[in-house]
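Undergrad: Quick one: sequence plus predicted model below, questions after.
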Amino acid sequence: MTHSLPNLPYSLSALEPHISENTLSFHHGKHHQTYVTNLNNLLQNSPLQDLSLEDVILASADKSDLVGIFNNAAQVWNHTFFWNSMKPQGGGKPTSKVGELINSTFGSYENFASEFKQIALSQFGSGWTWLVLDGEALKIIKTANADLPMVKGMKALLTCDVWEHAYYLDYQNRRADYVDIFLNHLVNWDFAEANLQA
Ligand code: MN
């Protein structure tokens, strides 16, 4: 099968002024597209070529001879998940089950936000910050480069891309400002809730 670049779930300018059309245009149209193109090229004549994206990721994880396939497949999945982790007029305190679980796990939304930001800032170099379910437990974790919760047996609820290409055009080196904006104005809690219930 051939993997393809999914459309964004909103327009390129929909997240302005927090994430510019310029950033989304490069991030989706160039970075995400490149992972898709590289993956399709690497899968030509590979025994993994007929698998779904998730199965390619699981089959290539922790295999040193398949690291190129893993990195590109995981980055295709991660970016699609990231676009859905944001929405226009998102952010702030969640309600519903995910809000209750955040309160019971972290004590308050404010404690959760503080820990999420701390973990996002402590990722050295490129990677991702995630809200996950690990069994029954709600956790915030970080992963390096293309790594992702599914290969650790965890269920992702939402993610924030902390590769510099996600924020450099709008925030330069200020990852802290970008993560604050992500939490206050962009998080799609409906998506996290749907993943929790799934
Ligand atoms: Mn990215």
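TA: That came through fine.
Undergrad: Surely Met1 and Asp55 touch.
TA: No - taking CB atoms under 8 Å as the definition, Met1 is not a contact partner of Asp55, at 10.5 Å. C-betas here are computed from N, CA, C, even on glycine.
Undergrad: shared neighbours, those two?
TA: Residues touching both Met1 and Asp55 (CB atoms under 8 Å, 6 or more residues apart in numbering): none.
Undergrad: Around the ion, pick out the residues from the chain.
TA: Applying CB under 5 Å from the ion, one finds that the chain approaches the ion through 161, 163, 166.
Undergrad: And the helix ranked longest in the chain, what does it pack against?
TA: Secondary structure of the chain per DSSP state H: the longest helix is helix 67-84. The contact analysis (3 or more CB pairs under 8 Å, 6 or more residues apart in numbering; DSSP states H and E) places helix 67-84 against helix 33-43, helix 53-60, strand 155-161.
Undergrad: Let's see it as PDB, backbone CA atoms only.
TA: Provided in PDB are the C-alpha atoms of helix 67-84 (Å, rounded to 0.1, in the frame of the first residue of the first chain):
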ATOM      1  CA  VAL A  67      15.400   2.200  11.800                       C
ATOM      2  CA  GLY A  68      14.800   4.400   8.700                       C
ATOM      3  CA  ILE A  69      11.400   2.800   8.100                       C
ATOM      4  CA  PHE A  70      10.500   3.200  11.800                       C
ATOM      5  CA  ASN A  71      11.600   6.800  12.000                       C
ATOM      6  CA  ASN A  72       9.600   7.900   9.000                       C
ATOM      7  CA  ALA A  73       6.500   5.700   9.800                       C
ATOM      8  CA  ALA A  74       6.400   7.000  13.400                       C
ATOM      9  CA  GLN A  75       6.800  10.600  12.300                       C
ATOM     10  CA  VAL A  76       3.900  10.200   9.800                       C
ATOM     11  CA  TRP A  77       1.700   8.800  12.600                       C
ATOM     12  CA  ASN A  78       3.000  11.400  15.200                       C
ATOM     13  CA  HIS A  79       2.200  14.400  13.000                       C
ATOM     14  CA  THR A  80      -1.300  13.200  12.100                       C
ATOM     15  CA  PHE A  81      -1.900  12.700  15.800                       C
ATOM     16  CA  PHE A  82      -0.500  16.200  16.600                       C
ATOM     17  CA  TRP A  83      -2.700  18.000  14.100                       C
ATOM     18  CA  ASN A  84      -5.700  16.400  15.800                       C
END
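Undergrad: With respect to burial, which of the helices and strands packed on helix 67-84 scores highest?
TA: Comparing those by mean neighbour count (mean count of other CB atoms under 10 Å), strand 155-161 ranks first with a mean of 23.
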